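Asker: All I have is the shape, not the residue letters:
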């Protein structure tokens, strides 16, 4: 279990992590999401003692990480796969780590096989691809057969088979009752892998809870409506809490009204409907909605382009391209 209370980290006048409190429970995969610069890596570094909090506390299995006498057996960590002596072989790197904790050579061989490194284990790490470097980092994290895994972008650089392998592995480990805490920018993968989510923006937790609850709370359920009189229908269903988006002529996505409400409004007006389909938002949709005001670095030109090509105010009706 990871428990953070009012955890804060400042670098001069820059607050990287701002008084966050959270718990990562055993037996679950908890995803850690947030834009670049939101404080994810700083938080992970504080959990494992690489950065000292300015204030607040964080404990791992009941005590600060630095107080564990055998940390590799408590927590497996992948924060920077490149933090390896490039002149060593993968096998040599793992043997050196194992020696610090009295871990057997047989266990080194096990994690080499577990991570698919058999054919390159005796080669110098400096020649590894990004994906092979990630596999070595995961092998090092698994070396002590830890009760907890903390993985920062573990699927970065992996091919589809490798991504699936990581997903299967962390789900299996959580099923054994271990704690798994990982970050990723791949929303589709996180949606398949995580049970719980923490979403951070500008150093503060902006959402937490089960994956589907966060999706539903952030964007709710939209309704896909197709009609030859879509523009007229859009005007009838508009309202203060209704968002409409024209995706193509004759087709609109509606947030804020149910399919039943839309169907009744269309029936009263004698408007034919060719499609009326409730659609749940994706994790990516929810993430973009949650973090739209928390992004520290954004491409203004792209935002301006979107703003002049089809986006609309939440309370307005946009009917460009909607057949009337």
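Answerer: Now that the structure is in, tell me what you want to look at. Quick caveat: nothing in here was measured; it's all calculated off a predicted structure.
Asker: What strand or helix carries residue 57?
Answerer: strand 55-60 (DSSP states H and E).
Asker: Which residues belonging to that strand are considered buried?
Answerer: Buried residues in strand 55-60, defined by neighbour count with 16 or more other C-beta atoms under 10 Å: 56, 58, 60. Any C-beta I mention is one placed from the backbone N, CA and C, and that applies to glycine too.
Asker: quick one: contacts for the closest residue to residue 158 other than its chain neighbours?
Answerer: Leaving aside its sequence neighbours, residue 158 sits nearest to residue 131 (C-beta to C-beta, 6 or more residues apart in numbering; 4.9 Å). With contact set as C-beta atoms under 8 Å, 6 or more residues apart in numbering, residue 131 has these partners: 157, 158, 159, 162.
Asker: Could you look up the SS state of the second one?
Answerer: In the three-state summary, residue 158 is assigned as coil, counting by DSSP: H, G, I helix; E, B strand; the rest coil.
Asker: Now do it against residue 138, distance only.
Answerer: 9 Å (C-beta to C-beta, to the nearest Å).
Asker: So which of those two has more stuff around it?
Answerer: residue 138 (28 against 19; other C-beta atoms under 10 Å).
Asker: mind checking which helix or strand that one is in?
Answerer: helix 130-142.
Asker: got CSV for the buried residues of strand 55-60, with pLDDT and distance to residue 36 too?
Answerer: Putting the buried residues of strand 55-60 into CSV (pLDDT from 0 to 100; distance: C-beta to C-beta, whole Å) gives the following:
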residue, pLDDT, distance to residue 36
56, 97, 23
58, 97, 22
60, 95, 25
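Asker: neighbours around residue 147, how many?
Answerer: 18.
Asker: And the helices in this protein?
Answerer: 40-47, 71-74, 90-99, 105-114, 130-142, 160-175, 187-193, 211-219, 230-237, 259-269, 283-291, 300-307 (DSSP state H).
Asker: okay, those helices in JSON lines with mean pLDDT next?
Answerer: Below are the helices of the chain laid out as JSON lines (pLDDT from 0 to 100):
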{"stretch": "helix 40-47", "mean pLDDT": "95"}
{"stretch": "helix 71-74", "mean pLDDT": "92"}
{"stretch": "helix 90-99", "mean pLDDT": "94"}
{"stretch": "helix 105-114", "mean pLDDT": "95"}
{"stretch": "helix 130-142", "mean pLDDT": "93"}
{"stretch": "helix 160-175", "mean pLDDT": "92"}
{"stretch": "helix 187-193", "mean pLDDT": "90"}
{"stretch": "helix 211-219", "mean pLDDT": "80"}
{"stretch": "helix 230-237", "mean pLDDT": "95"}
{"stretch": "helix 259-269", "mean pLDDT": "95"}
{"stretch": "helix 283-291", "mean pLDDT": "83"}
{"stretch": "helix 300-307", "mean pLDDT": "40"}
